[in-house]
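structure for the following, please:
(2 chains, ligands or ions: 1)
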Amino acid sequence: MTDKKTIYLDNSATTQVHPEIKDTILPYLEDLYGNPSSIHAKGQEVKKTIDNARKQVADLIGAKETEIIFTGSGTEANNLALKGIASKNKNKGNHIITTRIEHKSILNSARWLETEGFKVTYLNVDENGTVDINQLKEEIRPETILVSVMFANNEMGTIQPIKEIGEFLKGKGIYFHTDAVQAAGKIKINLKELNIDLLTLSGHKIHGPKGIGALYIRKGTEIDPMIHGGGQEKNIRSGTENVPGIVGLGKAAEIANKNLESNIEHLTNLGKKLEKGIFKEIPDLILNGHPDNRIPGNVNISFKYVEGESIMLMLDCEGICVSTGSACTSKSLKPSYVLDAMGKEIVFMHGSIRFSIGTFNTEEEIDTVIKTLPTIIKKLRALSPIYNKD
Amino acid sequence: MYSEKVMENFKHPKNQGEIKDADGIGEVGNPVCGDIMKITIKVKDDKIEDIKFKTFGCAAAIATSSMITELAKGKTLEEAKNITRKDVSDSLDGLPPIKEHCSNLASEGLNKAIDDYKMKKKE
Ligand code: FES
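The predicted model follows:
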């Protein structure tokens, strides 16, 4: 496996750190070790960089730097958004609306809040994975305090009607949170044009380091901290700042912002090429997710009659990294809850493969995948008792 | 995650396919994750003369299917019935705990094929 060059098509799971970022971070693991809370010179020289990183992150989404809180991960930011808003606003109401296809950090925070007495509505999605905005409108109650809908889904990439939801919620006194972890750097996000109160970002999904995330909190939002301590991050997220992580996320956001258009074009082209190539070479497939309204570079396909872990491992033997929604690979041995919410039949969910393309993938790599895949699918179909075509 | 033996049997499975005029057929579904396996056997003088499998499932399911066909081939029906899922998993240098259930599929499939043969013989 090591003599072959890896073709990494699992960029929705994590991404390669941008080479420029390593150089940016390094001094903060060497000389620039100060604690930004210290008043002395060693602390203050680091404080400036943090402020700069905050600005870089804010610029990516059209926010003000005073509205960015750094967290330890996207998961933490999602936890903070849900639990922090719920806790602070519980005297206004106890109802929260989210969707069935959110990341586990939202779903499991919501479930925990249910055990604390909150009521949660989980919205359905249609067969393309788009949230039902009419259902959202019907589910709003006087007690509703928060709506949380992801910007784009991590499994099949479907982009949600965030602008419409924001507009609908305007003036209703209900906070609107969106998890933009998968969307950032792949879709233009401009908070000046969107009515969003809270937005989650993660470093390692945009070619930054792991262990760093951010939550945009619109000025005036009433939120409780979930981590108490020395009062860092405007008392919303205590703990000595992860300076290298923050600097790395800042730089990643800057690069993502600078290259946004070319990156979108690159991902779109490679994604289309991959999708077309696979559909041309292999029969009996279904494309999962919305046919067009997806994050660029996300291609999720069900290969009928075969199981996803088998496909994934055979691709892995060829140096190609992808992921699957098959029950066989999940800890619960249940198929992907996202595909399930979209109403897919179990045999199709079983053979679903997600190819998620990133900035560093090339056309040649996509060609190799298109060339490699048909043999693997043929081999597995020949093994399959439910495939009767030859 | 998998032992080398599992990967080897997954990549190059033995006895794959279906015996056309099989003496016994065993088809089982895995209630845990929804996989399906089919074993066909040819019996002569109370021995499994030939055996083939088809599996719609994960790497562990394919590897255990392949391994059980190898263990069963040439054995008497009684011996074949006594092959446990542990025998299968041991011959593969073990399975990850979460994948233990996949080896059920293989032994159940074989058992069903043998029962099917016996039933047919009675008729
Ligand atoms: S057959 Fe599904 S986990 Fe092995």
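
give the contact list for the closest residue to A:Gly231 other than its chain neighbours.
Nearest residue to A:Gly231 in three dimensions, chain neighbours excluded: A:Ser238, at 5.9 Å (CB to CB, 6 or more residues apart in numbering or on different chains). All C-beta spots, glycine's among them, are computed from the backbone N, C-alpha and C. A:Ser238 makes contacts with A:Pro225, A:Ile227, A:His228, A:Gly229, A:Gly230, A:Gly231, A:Gln232, as judged by CB atoms under 8 Å, 6 or more residues apart in numbering or on different chains.

torsion angles phi and psi at B:Arg64?
Actually, residue B:64 is Thr. It isn't Arg. The phi and psi values for B:Thr64, taken as degrees, to the nearest 10, are phi -70, psi -30.

ok, it touching B:Gly94?
No - the pair B:Thr64 and B:Gly94 fails to qualify as a contact (CB atoms under 8 Å) at a distance of 11.4 Å.

which helix or strand contains the closest residue to B:Asn15 other than its chain neighbours?
Nearest residue to B:Asn15, sequence neighbours excluded (CB to CB, 6+ apart): B:Thr69, at 3.9 Å. B:Thr69 belongs to helix B:59-72 when elements are defined using DSSP states H and E.

show me what the helix or strand following that helix is packed up against.
For helix B:59-72, the following helix or strand on the C-terminal side (DSSP H and E) is helix B:77-81. Other elements packing on helix B:77-81 under the criterion 3 or more CB pairs under 8 Å, 6 or more residues apart in numbering or on different chains; DSSP states H and E are strand B:47-56, helix B:100-122.

quick check: which helices or strands does the shortest one pack against?
Under the contact criterion of 3+ CB pairs under 8 Å, 6+ apart, strand B:47-56 touches strand B:36-44, helix B:59-72, helix B:77-81, helix B:100-122.

what's the distance between the residue nearest to A:Glu116 when sequence neighbours are not counted and A:Leu136?
Distance criterion CB to CB, 6+ apart; nearest residue to A:Glu116, sequence neighbours excluded, is A:Ala86 at 7.7 Å. From A:Ala86 across to A:Leu136, the span is 18 Å (CB to CB, to the nearest Å).

between these two, which one's more packed in?
Shown here are A:Ala86 and A:Leu136; by other CB atoms under 10 Å in any protein chain shown, A:Ala86 has more neighbours (26 against 21).

and the residue of the stretch 101-250 of chain A found nearest the ligand, what element?
Using CB to the nearest ligand atom, the single residue of the stretch 101-250 of chain A nearest to the ligand is A:Glu155, 18.7 Å away. For A:Glu155, there is no host helix or strand (DSSP H and E).

pretty sure it contacts A:Ser356?
No - judged on CB under 8 Å, A:Glu155 makes no contact with A:Ser356 at a distance of 9.4 Å.

shared neighbours, the two?
The contact sets of A:Glu155 and A:Ser356 overlap at A:Ser12 (CB under 8 Å, 6+ apart).

which one of these two has more residues nearby?
A:Ser356 (28 against 25).

distance check, that one against the ligand.
Going from A:Ser356 to the ligand by CB to the nearest ligand atom, to the nearest Å gives 23 Å.

quick one, what contacts that residue?
A:Leu9, A:Asp10, A:Asn11, A:Ser12, A:Ala13, A:Gly157, A:Gly297, A:Asn298, A:Val299, A:Val322, A:Ser323.

what's the first-to-last distance across stretch A:5-18?
Chord length of stretch A:5-18, first to last residue, is 18 Å (CA to CA, to the nearest Å).

next: stretch A:192-201.
17 Å.

buried residues, that stretch. List them.
By 16 or more other CB atoms under 10 Å in any protein chain shown, the buried positions in stretch A:192-201 come out as A:Leu194, A:Asn195, A:Ile196, A:Asp197, A:Leu198, A:Leu199, A:Thr200, A:Leu201.

farthest-apart pair in the residues you listed, please.
A:Asn195 and A:Leu201 (18.2 Å; CB to CB).

ok, back up a step: next, count neighbours for the residue nearest to B:Asn15.
24.

quick one: average confidence on stretch A:31-40?
Average pLDDT, stretch A:31-40: 95.

measure it end to end?
Taking CA to CA, stretch A:31-40 runs 15 Å from one end to the other.

do stretch A:295-307 as well
End-to-end for stretch A:295-307, by CA to CA: 25 Å.

hmm, it in reach of the ligand?
No - shown here: stretch A:295-307 not in contact with the ligand (CB under 6 Å from any ligand atom), separated by at least 6.8 Å.

so that stretch, near chain B or not?
Yes - under the criterion of CB under 8 Å from any CB of the partner chain, chain B is reached by stretch A:295-307 at A:Tyr305, A:Val306, A:Glu307.

get me the contact residues on chain B for the ligand.
B:Asn30, B:Cys33, B:Asp35, B:Gly57, B:Cys58, B:Ala60, B:Ala61, B:Lys99, B:Cys102.
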